[in-house]
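Visitor: Provided below are the primary sequence and the corresponding predicted coordinates.
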Amino acid sequence: MLTLPMTTKLGGFYLFYYCIVGTFMPFWSLYLEDQGFSYQEIGILSSIAIVTRFFAPFIWGWIADKSGKRMLLVRIATWMEACIWFLIFIIPNSFQSVALLMLIFSFFQNAILAQFEGVTLFWLGEKRAELYGKVRKWGSVGFIIGVFCIGALLEIIPISMLPIMLLCISFFAFIWSFTIKEPTSAPKSQKQLDSLWPIIKRPVVAAFFAIEFIMLFSHAPFYSFYSNYLQQSGYSTTAIGLLWSVGVIAEIIMFAFANLFLQRFSWRLLVSICLIMTSLRWFAVGLFPHSFTLQFLSQTIHAFSFGLFHMIAMRIIFENFMLTQQGRGQALYSTMWGLGVAAGSLLAGKYWTDISGESVFMVAGLAVLMGLLFVAALPNQVQKSI
């Protein structure tokens, strides 16, 4: 029987973790620009921050499934994350040094979310369909706290202080992680791991991960350059933080009501809606950079382009991967995220100046529709279980 204190503990860690993400994601590119890096260099550094998702999640997933010590890995990773932000603050910010530290940071950072998602699903047990969205929404709250409060703070203090802010939040996440024990229902250490290949070959799994790659490829300009894009259009850091917050508020609302969609409509229909809505979002961003109202409305679509899509992903992973494979299943989801964003960041950084940011977002709007080629492999009936 799940107790309320455990849901609070799980939600608290999501809050701290996504407060880090909410501080890093909108303002990291602005920090790099302030340090004198070009847009192409920012694109490369943004992709480096993600590139270890090509291999790190599988390393961490293999260790987690082999050892059964998922929370231990989370604690080690959050401590290392804090150390990296301290080093970034104290060493000279050359391209080579930042690239190396981002590589190390992302290697450990990839140990956190994929494994903690597994920890959460194990702790929630039979109540995961009912409670996952309610627990996960605290991550969205943390993101809002990070993006809005840090955005307002950066109106007062220089953006060169960003690593210190990230260091402080990472340390709090590390301390909070000790409130959460290893889930009792999770498999313990295993001598022989079951192969993932038979699962990956299933049409629904292969198609979904292909769609995920395309979806995150289209998100790359947003994750890497949206803040720069808005700043070039005359927005303050407070306004930039507000717009990022809008997307996450929409995500929270979706987490609260996603079960209503999932109980009434098929994965095929819902994923198709997510892809089409995401396309409309990037066209609105690209066509109307100076319209705060349309940027605001485009951010509300984050409810579909991330919120609902993520809820479907968690169900697909938990239904198709065995309990002994959950660490590596979550790792595969994280890996495809990294592949998509890294590839898109490199291309967006390369062509941002040549064809303009507006055009890059419109290309993203077209690219995401390619995911519709794979939706036929998803179930066309309502999935009742998680």
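Guide: Arrived safely.
Visitor: tell me the pLDDT at G286?
Guide: Taken from the predicted model, the pLDDT recorded for G286 is 96.
Visitor: what about it, how many neighbours?
Guide: Using other CB atoms under 10 Å, G286 has 21 neighbouring residues. No exception for glycine: its C-beta is placed from N, CA and C like everyone else's.
Visitor: my guess is it contacts F361. True?
Guide: Yes: G286 is in contact with F361 according to CB atoms under 8 Å; the separation is 3.2 Å.
Visitor: with adjacent residues omitted, what lies nearest to E212?
Guide: Using CB to CB, 6 or more residues apart in numbering and skipping the chain neighbours, the partner closest in space to E212 is M336 (4.7 Å).
Visitor: the helix or strand hosting the one you found - contacts with which helices or strands?
Guide: Here M336 sits within helix 326-355, counting by DSSP states H and E. Taking 3 or more CB pairs under 8 Å, 6 or more residues apart in numbering; DSSP states H and E as contact, the helices and strands that helix 326-355 lies on are helix 39-51, helix 56-67, helix 112-124, helix 203-232, helix 309-320, helix 357-367.
Visitor: buried stuff in the longest one?
Guide: Put plainly, it is helix 203-232. By neighbour count on 16 or more other CB atoms under 10 Å, the buried set for helix 203-232 is 204-205, 207-231.
Visitor: and after that helix, which helix or strand comes next?
Guide: Beyond helix 203-232 on the C-terminal side, the first helix or strand identified by DSSP H and E is helix 237-264.
Visitor: count of neighbours near the closest residue to I63 other than its chain neighbours?
Guide: Spatial nearest neighbour of I63, excluding adjacent residues (CB to CB, 6+ apart): L73 at 6.5 Å. Look at L73: counted by other CB under 10 Å, it has 22 neighbours.
Visitor: any weak-confidence spans in the stretch 201-350 of the chain?
Guide: Counting by pLDDT under 70, not a single residue of the stretch 201-350 of the chain qualifies.
Visitor: test my guess that I145 contacts L15.
Guide: Yes: with contacts defined as CB under 8 Å, I145 counts as touching L15 at a distance of 7.5 Å.
Visitor: ok, F265 - contacts?
Guide: When the contact criterion is CB atoms under 8 Å, 6 or more residues apart in numbering, the partners of F265 are V382.
Visitor: let me see the ranges of the helices in the stretch 1-150 of the chain.
Guide: Ranges of helices within the stretch 1-150 of the chain are 4-34, 39-51, 56-67, 70-90, 95-109, 112-124, 128-144, 150-153, based on DSSP state H, counting those that start in this stretch.
Visitor: buried residues, the first one. List them.
Guide: Buried positions in helix 4-34, judged by neighbour count with 16+ other CB under 10 Å: 6-7, 9-33.
Visitor: with the third one instead?
Guide: When neighbours are counted by 16+ other CB under 10 Å, the buried residues of helix 56-67 are found to be A56, P57, F58, W60, G61, I63, A64, D65.
Visitor: export those to CSV and tack on distance to W176?
Guide: Converted to CSV, those look like this (distance: CB to CB, whole Å):
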residue, distance to W176
A56, 23
P57, 22
F58, 27
W60, 20
G61, 23
I63, 22
A64, 19
D65, 24
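Visitor: biggest separation within these, which pair?
Guide: With distance counted by CB to CB, no two of these lie farther apart than A56 and D65, which are 14.8 Å apart.
Visitor: coming back round to it: and the helices and strands packed on helix 326-355 as CSV, adding distance to Q96?
Guide: Compiled in CSV, the helices and strands packed on helix 326-355 are given as follows (distance: least, CB to CB, whole Å):
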stretch, distance to Q96
helix 39-51, 11
helix 56-67, 21
helix 112-124, 26
helix 203-232, 20
helix 309-320, 35
helix 357-367, 27
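Visitor: quick one: contacts for R328?
Guide: R328 makes contacts with F58, G61, W62, D65, L193, L196, F321, as judged by CB under 8 Å, 6+ apart.
Visitor: which residue packs closest to the fourth one, ignoring adjacent ones?
Guide: I take that to be D65. Here the nearest residue to D65 in space, its sequence neighbours aside, is G327; by CB to CB, 6+ apart that works out to 4.1 Å.
Visitor: cool, and the first one?
Guide: Taking CB to CB, 6+ apart as the measure, F58 lies nearest to A331, with 5.2 Å between them; neighbours along the chain are not counted.
Visitor: I'd say the one you found and A114 touch.
Guide: Yes: using CB under 8 Å, A331 is in contact with A114, at 5.1 Å.
Visitor: thinking again about what came up before, what's the closest of the contacts of R328 to L242?
Guide: The closest of the contacts of R328 to L242 turns out to be G61 (CB to CB; 36.2 Å).
Visitor: relative to I112, how far out is that closest one?
Guide: Between G61 and I112 the distance, using CB to CB, to the nearest Å, works out to 12 Å.
Visitor: return the distance of stretch 42-62 from the chain's centre.
Guide: Stretch 42-62 sits 12 Å away from the centroid of its parent chain (CA atoms, centre = their mean, to the nearest Å).
Visitor: for it, measure first residue to last.
Guide: Across its full length, stretch 42-62 reaches 32 Å between end residues, using CA to CA, to the nearest Å.
Visitor: show the average pLDDT along it.
Guide: 75.
Visitor: what of stretch 137-153?
Guide: Here stretch 137-153 scores 85 as its mean pLDDT.
Visitor: okay, it in PDB with CA atoms only?
Guide: This file holds the C-alpha atoms of stretch 137-153, laid out as PDB (Å, rounded to 0.1, in the frame of the first residue of the first chain):
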ATOM      1  CA  LYS A 137       3.400  17.100 -12.200                       C
ATOM      2  CA  TRP A 138       5.800  18.300  -9.400                       C
ATOM      3  CA  GLY A 139       8.600  18.100 -12.000                       C
ATOM      4  CA  SER A 140       6.700  20.600 -14.000                       C
ATOM      5  CA  VAL A 141       6.200  22.800 -11.000                       C
ATOM      6  CA  GLY A 142      10.000  22.600 -10.400                       C
ATOM      7  CA  PHE A 143      10.600  23.600 -14.000                       C
ATOM      8  CA  ILE A 144       8.400  26.700 -13.600                       C
ATOM      9  CA  ILE A 145      10.100  27.700 -10.400                       C
ATOM     10  CA  GLY A 146      13.400  27.400 -12.100                       C
ATOM     11  CA  VAL A 147      12.600  29.100 -15.400                       C
ATOM     12  CA  PHE A 148      10.400  31.900 -13.900                       C
ATOM     13  CA  CYS A 149      12.400  32.700 -10.800                       C
ATOM     14  CA  ILE A 150      15.800  32.500 -12.400                       C
ATOM     15  CA  GLY A 151      14.500  34.600 -15.400                       C
ATOM     16  CA  ALA A 152      13.400  37.300 -13.000                       C
ATOM     17  CA  LEU A 153      16.600  37.000 -11.000                       C
END
